[in-house]
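> Okay, here's the prediction I keep looking at, along with the sequence it came from:
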2 protein chains.
Amino acid sequence: MQTESKTLFEKGEKVKNENFSGTAYLKMLVTNDTENPIIVGNVTFEPGARNRWHRHPGGQILLVTDGVGYYQERGKPKKILRKGDVIKCPPNIEHWHGASIDSHFSHLAIGNSDKESVVWLLPVTDEEYLK
Amino acid sequence: MQTESKTLFEKGEKVKNENFSGTAYLKMLVTNDTENPIIVGNVTFEPGARNRWHRHPGGQILLVTDGVGYYQERGKPKKILRKGDVIKCPPNIEHWHGASIDSHFSHLAIGNSDKESVVWLLPVTDEEYLK
């Protein structure tokens, strides 16, 4: 069981908004500019933490750097993710991600700022999280 | 001194072209599709390996995952890069990257396939590499 969160990239600050439940950290590693719309964030979830259902109009790429986590797209089974796993989520597909119940979880998140970044939806219920 | 190359993400195959000198490996982790132009490669250089001078019309982001390496933009001093370092190279700025003389070096490379991927230029001389 891994319970201490370490991060390969800068860990950043605690996320303080209702789009995340539990304890999560975010560091924007790369922001957009007029010449390059690509943005990269480092997201770390403590055990049990997750974000709400959401979708990205420009799609999203997740690169798992540490720990064990979950990723689920609407209507599909939850996937278990580990270090080295890669997820490419198509534009506007509803999904959520977060740590597993007993491990922290860190991933890079790559987005395209030419489109709206994220549309937040309902929280992931405990039933959905544990299923 | 680190001499054995391990990789967080899939290591891929040996690069077999004149744009790299020494031993390097490339695995494309994410390819483009009609909905998302972002591409992500995992590049691993054995000690002393590097690529040619080159430029990316869409710019490039490097995220260092292991080892010790070098990065240099034309007209600027060589930078030493380590795990957790992030480089955002602007479009069309000539640069090269590679392992240091005595360590392997791994980085993720993020590009934008809406623009031409890369324009290769001259090899990095030993004098430039060691300076």
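Here it is on my side, so go on. No experiment lies behind these values; they were computed from the predicted model shown.
> For the rest of this, base every contact and every neighbour count on C-alpha atoms.
Will do.
> Let me see the mean pLDDT of the longest strand seen in chain A.
Longest strand in chain A by number of residues (criterion: DSSP state E): strand A:60-73. Strand A:60-73 shows a mean pLDDT of 98.
> Pull the contacting residues for the most centrally placed residue in chain A.
What sits nearest the mean C-alpha location of chain A, by C-alpha atoms, centre = their mean, is A:His97, with 4.9 Å. With contact set as C-alpha atoms under 8 Å, 6 or more residues apart in numbering or on different chains, A:His97 has these partners: A:50-51, A:69-72.
> Among these, which one sits closest to A:Asn19?
Of all those, A:Asn19 sits closest to A:Asn51, with 5.7 Å by C-alpha to C-alpha.
> Quick check: that closest one vs chain B, distance?
To chain B, A:Asn51 is 23 Å away according to C-alpha to the nearest C-alpha, to the nearest Å.
> Spell out which residues of chain A are next to chain B.
A:8-10, A:29-30, A:35-36, A:38, A:58-59, A:65, A:83-86, A:88, A:90-91 (C-alpha under 8 Å from any C-alpha of the partner chain).
> so of these, which ones are in strands?
Among those, DSSP E puts A:29-30, A:38, A:65, A:86, A:88 in strands.
> Who wins on neighbours among the residues you listed?
For these, the largest neighbour count, defined by other C-alpha atoms under 10 Å in any protein chain shown, is 26 neighbours, found at A:Thr65.
> nearest residue to that one other than its sequence neighbours?
Using C-alpha to C-alpha, 6 or more residues apart in numbering or on different chains and skipping the chain neighbours, the partner closest in space to A:Thr65 is A:Lys83 (4.9 Å).
> To what extent is the one you found buried, counted in neighbours?
Using other C-alpha under 10 Å, A:Lys83 has 17 other residues around it.
> give me every residue that touches it.
Neighbour list for A:Lys83: A:64-68, B:8-9 [criterion: C-alpha under 8 Å, 6+ apart].
> now these in JSON lines, with distance to B:Lys78?
What follows is those, written out as JSON lines (distance: C-alpha to C-alpha, whole Å):
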{"residue": "A:Val64", "distance to B:Lys78": "29"}
{"residue": "A:Thr65", "distance to B:Lys78": "27"}
{"residue": "A:Asp66", "distance to B:Lys78": "30"}
{"residue": "A:Gly67", "distance to B:Lys78": "34"}
{"residue": "A:Val68", "distance to B:Lys78": "37"}
{"residue": "B:Leu8", "distance to B:Lys78": "25"}
{"residue": "B:Phe9", "distance to B:Lys78": "26"}
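> which one of these is nearest B:Asn42?
The closest of these, once distances to B:Asn42 are taken by C-alpha to C-alpha, is B:Phe9, at 6.8 Å.
> So for that closest one, what pLDDT did the model give?
As predicted, B:Phe9 sits at a pLDDT of 97.
> Pull up the gap between it and chain A, please.
B:Phe9 sits 4 Å away from chain A, going by C-alpha to the nearest C-alpha.
> does that residue really touch A:Asp85, like I thought?
Yes: judged on C-alpha atoms under 8 Å, B:Phe9 makes contact with A:Asp85 at a distance of 7.3 Å.
> quick one, helices of chain A?
With DSSP state H as the criterion, chain A has helices at A:126-130.
> So, low pLDDT: which residues of it?
A:1-5 (pLDDT under 70).
> let's see it at 80
Along chain A, segments meeting pLDDT under 80 span A:1-6.
> Compare B:Phe9 and A:Asp85 (neighbour count), which wins?
Shown here are B:Phe9 and A:Asp85; by other C-alpha under 10 Å, B:Phe9 has more neighbours (22 against 17).
> contacting residues for the more buried one?
A:83-85, B:42.
> hey, what's A:Lys27 bridged with?
For A:Lys27, the beta-bridge partners are A:Asn42 (DSSP bridges).
> Next up, the contacts around it.
Contacts of A:Lys27 by C-alpha under 8 Å, 6+ apart are A:10-13, A:41-43.
> which of those residues tops the neighbour count?
Highest neighbour count within the contacts of A:Lys27, by other C-alpha under 10 Å: A:Val43, with 27 neighbours.
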